[in-house]
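Novice: sequence and predicted structure are below.
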Amino acid sequence: MSPAATPYGRIRAAIEYLAEHHREQPGLEPLAHRAGLSPYHFQRLFTRWAGVSPKSFLRQITRQHLKARLGDSVPLLEAAIEAGLSGPGRLHDLFISTEGMTPGEYRRLGAGLTLRHGSAETPYGRAFAAWTGRGLCALEFLPDGGDGGAAAAALAERWPGAELREDNDCIRALMGRVFDPATARPPLHVAGSRFQLLVWEALLRLPEGALISYGRLAALAGHPGAARAAGSAVGSNPVAVLIPCHRVIRASGAVTGYRWGTGRKLALLGRELARAEERKAGESA
């Protein structure tokens, strides 16, 4: 089956179309036609995949809604700062255990480590990942038809002292933990500069459904005014989803700059925002 014919491939095409034409508020029939399905089957597939109807999903990913969400997230982030979660000199994460490399480890870049790597299917397409034994050090989505060879070569360049060992069974099990909200997510073991670690740590404090601008992310990382540098750190994120760089958008509400594609970023955001809306509705009921 070609990637475009998979459930996620069909949904991604619809999401990308929605993103481009949201001002037109496209109905069910044109979306279903683009997916090569009847309106009935498209509605069922989309709702099963996203957890909400195409109409509800469209509302979540419009620029106006995202900009409003960006403003609504400010109190959450300010509360996190006031609670002392941004103290310098340590990594702190409420949701995932994160271990940054020591300066010595960073200089050795993996000497003595065995990195198990491989690829597996996820709800957002096929992904490549690597495990150090202490945590995930890489997770990236593969281009359609990609086999992970280029990703493995890039991994070897980033960790030249490590032994690489292909282990697709290990990676499939880990991906099950990453994408199943009912299970404990795996820890992280990431290599980066001190500034990058601070930015990634700040991202880890963002609860599901919260969005942040590049400027506010820099401030949360302890470097107000360093929005451009924060953007570079976001772009260097080695672990997709778990370090949620997809939650960073422009202050205008525009969704851009995701290295694994705008459609995938909108897919991640849409599902998260829909779940957050459901939780909010449940709490107020």
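Specialist: Received it, and whenever you're ready, just let me know what you need. Numbering: from 1, shown residues only.

Novice: for this protein, which helix is longest?
Specialist: When the chain is parsed with DSSP state H, its longest helix is helix 262-284.

Novice: tell me the helices and strands packed up against that helix.
Specialist: Where contact means 3 or more CB pairs under 8 Å, 6 or more residues apart in numbering; DSSP states H and E, helix 262-284 is packed against helix 7-21, helix 39-50, helix 54-61, helix 63-82. Using the backbone N, CA and C atoms, a C-beta is placed for each residue, glycine as well.

Novice: kindly reformat these as JSON lines containing mean neighbour count.
Specialist: Output for the helices and strands packed on helix 262-284, formatted as JSON lines (neighbours: other CB atoms under 10 Å):
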{"stretch": "helix 7-21", "mean neighbour count": "19"}
{"stretch": "helix 39-50", "mean neighbour count": "16"}
{"stretch": "helix 54-61", "mean neighbour count": "20"}
{"stretch": "helix 63-82", "mean neighbour count": "15"}
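
Novice: mean pLDDT for those: which is lowest?
Specialist: Sorting the helices and strands packed on helix 262-284 by mean pLDDT places helix 63-82 lowest, at a mean of 69.

Novice: would you turn the helices and strands packed on helix 262-284 into CSV with distance to residue 167?
Specialist: Supplementary listing: the helices and strands packed on helix 262-284 in CSV, determined by distance: least, CB to CB, whole Å:
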stretch, distance to residue 167
helix 7-21, 24
helix 39-50, 28
helix 54-61, 35
helix 63-82, 36
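
Novice: name the nearest residue to the residue lying farthest from the centre of the chain, sequence neighbours excluded.
Specialist: Taking CA atoms, centre = their mean as the measure, the residue most remote from the mean C-alpha position of the chain is residue 38, 30.4 Å away. Counting by CB to CB, 6 or more residues apart in numbering, residue 38 lies nearest to residue 32, which is 6.2 Å off, once chain neighbours are set aside.

Novice: sec struct for that neighbour, please.
Specialist: State at residue 32, reduced to three classes by DSSP: H, G, I helix; E, B strand; the rest coil: helix.

Novice: what about it, how many residues nearby?
Specialist: Counted with other CB atoms under 10 Å, residues neighbouring residue 32 total 21.

Novice: pretty sure it is touching residue 39, no?
Specialist: Yes. Between residue 32 and residue 39 there is a contact under CB atoms under 8 Å: 4.4 Å.

Novice: check contacts around the residue nearest in space to the middle of the chain.
Specialist: The residue lying closest to the centre of the chain (CA atoms, centre = their mean) is residue 241, at 2.8 Å. Listed by CB atoms under 8 Å, 6 or more residues apart in numbering, the contact set of residue 241 reads 124, 139, 178, 179, 268.
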